[in-house]
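J.: predicted coordinates and the sequence they were generated for:
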Amino acid sequence: MDTSEIITITGDQSQSVDLKIRDTVNVHLRPGALIPFQDNSEMRLRTTDDLLKQPLSIIINPDAQKKAKGTVFLDQGYERKEIDNQDYEYYQIEHKASKSILFQLVKGKAGAEDSFHSIDQILIVNPDEKMTKSNFACLAYQDNTFEPLSILYQEDAKRLKISPVTEKSTIKFSKIQAIHYGNDAEDLNLCIFAGSGKGSASN
């Protein structure tokens, strides 16, 4: 996925832009949008089982107010009864101007998809200058414990990457309350409880 070239469109009028010819399809993501993404660059995902084994990335394109919002629907995709029995998870995810990403289960059963779906990274595209200088990130769990996350500005791709500290680790949707990040020189560091490992806000 190439996010190195950002074309910003302003105003309500339609505009014409020149796009490079690429090996993949150009995708337009409006400011304020947030979407899930599964990497199929190697064309190895051919069945439903393959998809269930592949973690999701969350792509965020903040608007001028540094906000974004989107939804993610998780199921196994086999039978209609999953819907009838609400054996799925439907989340609203919101990126706040305060540099917090909130996860809210709005329908379904928390944990119903823990064995199948997880997140391997959060990608914030076209971040502003202050976001690029972020030096802390953490995961706030539903049980009010915290875990540090890795955060890195990828200058060549023009995106901010937030991911588990341990390579190839993933995060279960149902466990997440929020993800916080920022620069401790100017932002409120909500990750101070994370320390060097998993900790509790009550400690």
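T.: Nice, I can see it.

J.: gap between the residue nearest to the spatial centre of the chain and residue 192?
T.: Per CA atoms, centre = their mean, the C-alpha nearest to the average position across the chain is that of residue 58, at 2.8 Å. Going from residue 58 to residue 192 by CB to CB, to the nearest Å gives 24 Å. Backbone N, C-alpha and C define where each C-beta goes, glycine included.

J.: what does the residue nearest to the centre of the chain show for phi and psi?
T.: Main-chain torsions, residue 58, degrees, to the nearest 10: phi -110, psi 120.

J.: can you map out the strands along this structure?
T.: For the chain, applying DSSP state E gives strands covering 33-37, 56-61, 68-74, 89-95, 100-108, 119-125, 136-141, 145-154, 159-164, 176-182, 199-200.

J.: what's the nearest residue to the residue nearest to the centre of the chain if we skip its chain neighbours?
T.: Excluding the flanking residues, the one nearest residue 58 by CB to CB, 6 or more residues apart in numbering is residue 122, at 4.9 Å.

J.: next one, pLDDT for the one you found please.
T.: Predicted confidence (pLDDT) for residue 122: 95.

J.: and it, what does it touch?
T.: By CB atoms under 8 Å, 6 or more residues apart in numbering, residue 122 lies in contact with 57, 58, 60, 101, 161, 162, 163, 179.

J.: what does residue 139 give?
T.: Residues counted as contacts of residue 139 (CB under 8 Å, 6+ apart) are 146, 147, 148, 149, 171, 176, 178, 179, 194.

J.: the closest residue to it other than its chain neighbours - how many residues pack around it?
T.: Spatial nearest neighbour of residue 139, chain neighbours left out: residue 147 (4.7 Å); criterion: CB to CB, 6+ apart. As a burial measure, residue 147 scores 19 neighbours (other CB atoms under 10 Å).

J.: can I assume residue 147 is in contact with residue 163?
T.: No - between residue 147 and residue 163 there is no contact under CB atoms under 8 Å: 12.0 Å.

J.: ok so, going back, wait, what's in contact with the residue nearest to the centre of the chain?
T.: By CB under 8 Å, 6+ apart, residue 58 lies in contact with 34, 35, 36, 37, 72, 93, 101, 119, 121, 122, 123.

J.: try 7 Å
T.: Contacts of residue 58 were listed using CB atoms under 7 Å, 6 or more residues apart in numbering, and they are 34, 36, 93, 119, 122.

J.: again with residue 33
T.: So residue 33 contacts 61, 68, 70 (CB under 7 Å, 6+ apart).

J.: can you put those residues in TSV and add neighbour count, pLDDT and distance to residue 29?
T.: Converted to TSV, those look like this (neighbours: other CB atoms under 10 Å; pLDDT from 0 to 100; distance: CB to CB, whole Å):
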residue	neighbour count	pLDDT	distance to residue 29
61	23	94	5
68	25	96	10
70	19	96	10
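
J.: tabulate those in TSV, adding columns for distance to residue 141.
T.: Output for the contacts of residue 33, formatted as TSV (distance: CB to CB, whole Å):
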residue	distance to residue 141
61	26
68	22
70	21
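
J.: and the end-to-end length of stretch 59-74?
T.: Taking CA to CA, to the nearest Å as the measure, stretch 59-74 stretches 16 Å from start to finish.
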